[in-house]
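**Student:** Please find the sequence and the predicted model below.
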Amino acid sequence: MTEKKPKVCPEDFHQYHEPVDFRDTWRIFKIMAEFVEGYHLLANLKSEVTFFGSARTKPNSKTYKKAVELGKILGRTKHTVITGGGPGIMEAGNKGAFEVGAESIGLNIQLPFEQILNKYVTQSLGFKYFFTRKVMLTSPSQAFFFFPGGYGTLDEFFEVVDLIELKRMPNIPVVALFSDYWQELVDFLNDYSYKKIGALTKQNIDIIKVTDSAKEAADMIRGVKERAFFGETSPGAMTQDGGIDWKIFRIMAELVEGFEFVNKIKNPVTILGTKSIKPDSGYYAAAQELGQALGKEKFTVVTGGGPGVMEAANKGAFSVGADSIGINMRFDHQIRTNPYVRESMSFFFPFTRKLILTAPSRAFICFPGGFGTMHQIFEVLVLMQTKKMGKIPVILYGKDFWTPIDKYIKKILFEKFNAIEKCDTEFYKIVDSPEEAMRIIKKIPKQK
């Protein structure tokens with residue numbers, strides 16, 4: 001690895017920034033245009049596999065060379081290689097496919113700082129919004145290959161495994177290459193999210209296959225049958241007999257209704273955490289106490305509306321007469337809402353729900369959790385890192401749970417793989433009491 005020079009934090013790095021305003025009417029149409037254009041490009045592809053990994057990976061590194069090797073192996077077996085279209089691992093995967101004459105797709109993201117489309121892409125599309133791009137990177141694929149990366153790679157990794165756990169995505173291969181990057185994270189999920197708090201099962205963790213071999217990685221998807229473009233947002237699901245793209249309008253309706261719903265919420269603070277925490281847990285008591293403290297300070301408590309940490313936070317706000325909001329998912333047409341929610345809205349599509357749960361928040365308090373909690377945390381971190389969202393407080397509650405993740409970020413992502421900058425490790429704070437969390441929250445300027 002080359003020696004790194006820590007990036008100097010900008011002067012306003014530690015200042016609070018207003019969250020992104022997603023309520024602009026034209027923004028809705030831009031989002032919908034990205035869905036239509038994305039599906040138009042991807043609908044006719046076959047045997048798709050998606051590569052994820054750091055944009056910073058250099059061509060002379062072993063990770064880059066391994067991604068090229070895997071791209072060639074999969075290209076020779078007639079797979080379409082899809083990447084984010086940029087440099088690093090994305091370029092390597094596209095290069096491997098391109099050099100053996102396979103289809104090589106790049107789904108690029110438009111960033112405030114330039115990200116150049118690599119030269120090995122045969123077809124491409126640019127996206128403004130991370131969440132629409134992630135839907136396109138995941139929905140068509142028959143398998144996922146994760147190489148070492150930064151916050152963006154972990155956001156994408158946890159989104160995939162979360163969707164599989166929720167049964168919103170088929171149980172398709174999830175292959176993580178380079179054990180010196182991934183094994184420590186898998187061990188954490190096993191020891192903490194599974195054994196310590198019961199947020200995951202052994203079966204959830206077993207879907208993650210770690211290997212150091214490109215050949216073995218390719219062998220892991222051998223025999224996987226071609227699946228139709230899956231999910232509620234697949235092109236097939238988007239049409240009825242008359243050929244009307246009706247679910248496009250359903251997505252639009254959820255976005256419009258969602259933005260109207262959150263537009264009336266004042267000073268929202270989002271509390272995340274597992275549904276598995278029981279009322280006799282110390283974490284439940286702490287979330288309830290935080291809900292009370294936030295309510296007394298005239299903040300609105302926003303949760304996923306379910307049991308566990310969500311219920312505890314809503315209960316605390318409810319007990320002091322404060323606004324207590326639940327933003328739920330529909331499962332088999334059933335809505336799971338705890339009794340302490342004063343107002344709620346439910347969503348059919350996971351990505352619209354995550355956007356509405358995230359976009360308006362003035363701070364995030366994250367209790368221990370599993371795939372879903374991890375995904376929401378890393379999604380927020382990458383949005384701030386890429387300046388798609390202003391810097392706002394991200395508070396990780398529970399030092400005994402979150403300290404291993406903090407060490408993993410600093411030791412593996414920053415020091416060993418150079419996938420993030422030193423400044424990026426300062427986007428979050430770990431606390432161990434409601435009082436510590438409230439000292440941070442009270443610094444946020446309130447909406448009038």
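**Tutor:** Now that the structure is in, tell me what you want to look at.
**Student:** doesn't Asn204 fall inside a strand?
**Tutor:** No: assessed with DSSP: H, G, I helix; E, B strand; the rest coil, Asn204 is helix; it does not lie in a strand.
**Student:** Quick check, it in contact with Asn190.
**Tutor:** No: under the criterion of Cβ atoms under 8 Å, Asn204 is not in contact with Asn190, lying 9.8 Å apart. Quick note: C-beta positions are derived from backbone N, CA and C, even for glycine.
**Student:** and Ala285, how many residues sit next to it?
**Tutor:** Ala285 has 15 neighbouring residues, counting by other Cβ atoms under 10 Å.
**Student:** next helix or strand past whichever strand or helix holds it?
**Tutor:** Ala285 is located in helix 282-296, with elements delineated by DSSP states H and E. Note on helix 282-296: by DSSP H and E, the next helix or strand toward the C-terminus is strand 300-303.
**Student:** Given that following strand, what are its sheet partners and their directions?
**Tutor:** strand 268-272 (parallel), strand 324-331 (parallel) (DSSP bridges).
**Student:** what comes into contact with the last one?
**Tutor:** Going back to what we said before, that points to strand 324-331. 166, 265, 268, 291, 295, 300-306, 310, 314, 317-318, 335-338, 340-348, 350, 353, 356-357 (Cβ atoms under 8 Å, 6 or more residues apart in numbering).
**Student:** Out of the strands paired with strand 300-303, which is closest to Gly390?
**Tutor:** Between Gly390 and the strands paired with strand 300-303, the shortest separation by Cβ to Cβ is 14.8 Å, and it involves strand 268-272.
**Student:** So which residues of the stretch 51-200 of the chain form strands?
**Tutor:** Using DSSP state E, counting those that start in this stretch, the strands of the stretch 51-200 of the chain run over 80-83, 104-109, 123-127, 143-146, 174-177.
**Student:** Mind giving me the packing neighbours of the helix holding Ala285?
**Tutor:** Contacts defined by 3 or more Cβ pairs under 8 Å, 6 or more residues apart in numbering; DSSP states H and E place helix 282-296 against strand 268-272, strand 300-303, helix 309-319, strand 394-397, helix 434-441.
**Student:** after the helix or strand bottoming out on mean pLDDT in the chain, next one along is what?
**Tutor:** The weakest-scoring helix or strand in the chain, judged by mean pLDDT, DSSP states H and E, is strand 334-335 (a mean of 64). Remark: after strand 334-335, the chain's next helix or strand is strand 343-347, criterion DSSP H and E.
**Student:** Which SSE is immediately downstream of that following strand?
**Tutor:** Following strand 343-347 in sequence, per DSSP H and E, is helix 350-358.
**Student:** Give me the helices and strands touching that next one, please.
**Tutor:** Going by 3+ Cβ pairs under 8 Å, 6+ apart, helix 350-358 lies up against helix 130-138, helix 246-263, strand 324-331, strand 343-347, helix 371-385.
**Student:** Switch the ones you listed over to CSV; also include distance to Glu421 and mean pLDDT.
**Tutor:** Listed next are the helices and strands packed on helix 350-358 as CSV, based on distance: least, Cβ to Cβ, whole Å; pLDDT from 0 to 100:
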stretch, distance to Glu421, mean pLDDT
helix 130-138, 19, 86
helix 246-263, 31, 81
strand 324-331, 32, 89
strand 343-347, 34, 92
helix 371-385, 8, 95
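**Student:** mind checking which of those is nearest Ala43?
**Tutor:** Minimum separation from Ala43 across these (Cβ to Cβ) falls at helix 130-138, 10.8 Å.
**Student:** Can you check what angle separates the closest one from strand 104-109?
**Tutor:** On the basis of axes from the mean of the first three to the mean of the last three Cα atoms, to 10 degrees, helix 130-138 is oriented at 170 degrees to strand 104-109.
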